[in-house]
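>>> Whatever this is, show me its structure:
(one chain, ligands or ions: 2)
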Amino acid sequence: MHALWPNIVKWSAVLHPARGRLQRTSAQRSIGHDVTGIAQTYLTIMGSDASLIKPFLHAHPDAVLQVLELWLHFPRYLPAAALETCGCAYAIGVTALAMYDVLVYPANRPTPQDRALFVNQLCIAVGSKKTLYRAAVEQTDFLTTLRIPPLRPMAWDNHFGFIGFVVDVPELEGQNIPGKLIRSVVSAARHCLNSRETQYSAALGLKLLATLCMKAKDNRPLVHAFKAGVFDLLRDAESARLDFDLSELVRLLCAGLLQIKVIRAFHRRHPGEIAVSHLGTQELTRQVFTWTDVAHTWNSSRQRYLGSHRRREWRQTDHCANAQGPHNRLVRVCPCASIFYCSGSCQRLHWAAVHWESCMATQGAWAMRGAISLADAMFVQDLVRSYIADRHATIAAQISAQMSRKRGLLADATNLSIHVDFSDAVLTPRHEIRVRYPYGINLPLGLKYPIPGIVLVEVSLRLGTTLRECYVPLAFHVKDFVG
Ligand SMILES: [Zn+2]
Ligand SMILES: [Zn+2]
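Ligands and ions are numbered 1, 2, ... in the order given. Below you'll find the predicted structure:
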């Protein structure tokens with residue numbers, strides 16, 4: 001049997017050239033037949049003794065390529081209505097996953113050569129993440145259409161699992177996660193949840209969703225996910241009692257709910273407050289987070305969003321940076337989101353004289369290269385402002401303790417700063433008082449160096465997997481807290 005393997009590779013290369021597209025001249029039905037044959041054969045090979053498979057794959061890299069190529073394009077080769085399609089899709093998925101398992105999966109202790117074999121063939125077959133994402137959409141939508149017989153749960157698990165693995169391969173050129181992919185994963189997970197047999201696979205779909213959202217540098221995938229109904233899905237998945245920890249996704253969703261574009265997407269689907277039972281204080285020590293945390297975060301974000309933010313109260317409370325008056329009552333914010341002006345003339349005067357040096361407007365709000373918008377920045381500023389107002393007494397005590405401890409040291413070269421951590425939105429935000437030596441261009445309100453007696457404000461935000469720290473255009477005087 002093992003002697004036959006190399007011939008199998010040659011034979012399937014004739015039927016299905018790995019480096020070219022399958023001949024589309026013959027009827028679709030017979031292509032489906034050929035592909036099923038090839039897939040079943042490779043499945044048999046991968047089912048053999050692991051010690052024999054590795055040398056075989058190294059001797060025949062085309063085998064890896066063929067399987068990946070089949071995996072990538074199977075919806076094009078298989079007729080959706082044929083009875084054998086489900087079995088074939090399953091065989092292709094299992095084979096691809098088995099190859100990944102043998103060559104890349106860390107627990108199986110692959111050598112660097114093993115990994116290189118898989119990754120090289122993947123790069124040849126796929127080329128870029130863009131193709132990969134497009135194929136993943138095509139596959140997911142195709143698998144959802146298979147009804148007679150419905151796809152086995154294992155096939156769904158393999159599908160979600162394998163996509164999760166390959167999007168993590170860093171050698172593929174990166175690209176933004178397309179909204180289409182997020183939508184089709186959400187609807188596939190919904191499809192799985194609707195049938196008792198595949199319910200558990202829905203949780204793996206949600207896990208894949210978390211992986212995809214983590215890949216992004218901003219929270220755009222979360223917008224697509226909320227638009228596609230991920231919150232309802234999460235709630236239904238948990239009422240189905242799947243016994244699957246979805247905390248990772250919950251944390252991402254909650255962190256997103258501090259941003260206006262995510263809030264708006266959520267608000268469109270769930271305009272009202274979400275009724276959810278009260279969480280006790282002991283809950284803060286728990287490790288597992290659920291949809292109720294998303295609901296809580298939403299309820300408090302919603303309140304703030306509809307309240308002070310919609311009324312744009314910052315326009316009345318923030319001050320024009322230009323020293324000379326007269327000023328208009330309302331201010332607007334510079335596109336760098338770190339300084340305010342009451343009018344075009346104040347902006348022109350001050351910008352040309354002072355702010356041009358530190359204005360980072362070309363890099364987006366707070367120099368985050370578009371990861372957050374101006375509206376997001378003002379919303380965060382709003383959150384921080386009310387956070388500090390709510391804890392004024394505590395912060396005042398901490399500041400005066402800090403001042404007496406560092407007496408003498410808190411000279412001209414330092415500023416105190418209130419650092420508020422919003423990076424884990426599931427939990428109540430925390431803060432600490434830091435001593436800063438603030439020189440540089442990232443300072444808020446056009447500051448360039450420490451000014452005695454000023455208390456700066458910083459935040460930590462979470463965007464996808466990245467944690468970002470930045471100054472908020474808010475500043476207090478020590479006298480606001482002490483004495
Ligand atoms: Zn002004
Ligand atoms: Zn600016």
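>>> ok, the nearest residue to residue 128 once chain neighbours are set aside - contacts?
In space, residue 128 comes closest to residue 173 once its chain neighbours are excluded; the distance is 4.6 Å by CB to CB, 6 or more residues apart in numbering. For glycine as for every other residue, the C-beta is placed from the backbone atoms N, C-alpha and C. Residues near residue 173 by CB atoms under 8 Å, 6 or more residues apart in numbering: 128, 129, 130.
>>> so what's residue 318 up against?
By CB under 8 Å, 6+ apart, residue 318 lies in contact with 331, 333, 340, 473.
>>> and it, how far is that from ligand 1?
11 Å (CB to the ion, to the nearest Å).
>>> where's that residue relative to residue 331, distance?
Distance, residue 318 to residue 331, using CB to CB, to the nearest Å: 5 Å.
>>> Name the residues contacting each of the two.
Counting by CB under 8 Å, 6+ apart, the common neighbours of residue 318 and residue 331 are residue 340.
>>> Check the secondary structure at residue 467 for me.
Here residue 467 takes the strand state, with states given by DSSP: H, G, I helix; E, B strand; the rest coil.
>>> That one against residue 459, yeah?
No - using CB atoms under 8 Å, residue 467 is not in contact with residue 459; the gap is 10.7 Å.
>>> So for those two, which sits in the more crowded spot?
residue 459 (26 against 13; other CB atoms under 10 Å).
>>> what about that one, is that helix, strand or coil?
Secondary structure, three-state DSSP: residue 459 is strand.
>>> hang on, residue 266 in a helix?
Yes - the assignment for residue 266 is a helix, going by three-state DSSP.
>>> Okay, it and ligand 2: tell me how far apart.
Per CB to the ion, residue 266 is found 30 Å from ligand 2.
>>> Hmm, residue 258 and that residue touching each other?
No - counting by CB under 8 Å, residue 266 does not reach residue 258; the two are 11.5 Å apart.
>>> which residues are in contact with the helix or strand hosting residue 388?
Taking DSSP states H and E as the criterion, residue 388 maps to helix 374-390. Outside helix 374-390, the residues within contact range by CB under 8 Å, 6+ apart are 258-261, 263, 304-305, 308-309, 312-314, 317, 333, 335, 337, 365-366, 372, 395, 418, 420, 422, 429, 431, 457, 459, 461, 472-474, 476.
>>> Show me these that map onto strands.
Of those, the ones assigned to strands by DSSP state E are 333, 418, 420, 431, 457, 459, 461, 472, 473, 474, 476.
>>> any idea how far ligand 1 is from the fifth one?
Right, residue 457. To ligand 1, residue 457 is 22 Å away according to CB to the ion.
>>> again with the third one
Distance, residue 420 to ligand 1, by CB to the ion: 28 Å.
>>> Next, the contact list for that residue, please.
Residue 420 is in contact with 384, 387, 388, 429, 430, 431, 457, 458, 459, 460, counting by CB under 8 Å, 6+ apart.
>>> do the fourth one as well
The contact partners of residue 431, taken as CB under 8 Å, 6+ apart, are 387, 388, 391, 395, 418, 419, 420, 421.
>>> which of those has the most neighbours?
That'd be residue 418 among these, by other CB under 10 Å, with 25 neighbours.
>>> From residue 363, how far out is the residue sitting nearest the centre point of the chain?
With distances taken as CA atoms, centre = their mean, residue 213 lies nearest the centre of the chain, 2.2 Å away. According to CB to CB, residue 213 stands 23 Å off from residue 363.
>>> close enough to count as contact, residue 63 and residue 57?
Yes - contact criterion CB under 8 Å: residue 63 and residue 57 qualify, at 6.0 Å.
>>> who's in contact with residue 451?
Here residue 451 is in contact with residue 415 (criterion: CB under 8 Å, 6+ apart).
>>> and it, which of the three is it?
coil.
>>> Distance-wise, check it relative to ligand 1.
Separation of residue 451 from ligand 1 (CB to the ion) stands at 20 Å.
>>> so which strand or helix has residue 231?
Assigned by DSSP H and E, residue 231 falls in helix 230-239.
>>> What's the mean pLDDT across that helix?
What helix 230-239 shows for mean pLDDT is 89.
>>> Name the surrounding residues that touch it.
Helix 230-239 has contacts (CB under 8 Å, 6+ apart) with 186, 189-190, 193, 202-203, 206, 209, 244, 246, 249-250, 253, 266, 269-270, 290-291, 294.
>>> got the angle between the helix or strand that comes right after it and helix 230-239?
Downstream of helix 230-239, the first helix or strand assigned by DSSP H and E is helix 247-256. Relative orientation of helix 247-256 with respect to helix 230-239: 150 degrees, computed using axes from the mean of the first three to the mean of the last three CA atoms, to 10 degrees.
>>> List the buried residues of helix 247-256.
By 16 or more other CB atoms under 10 Å, the buried positions in helix 247-256 come out as 248, 249, 250, 251, 252, 253, 254, 255, 256.
>>> Check stretch 126-141 too.
126, 129, 132, 133, 134, 135, 136, 137, 138, 139, 140.
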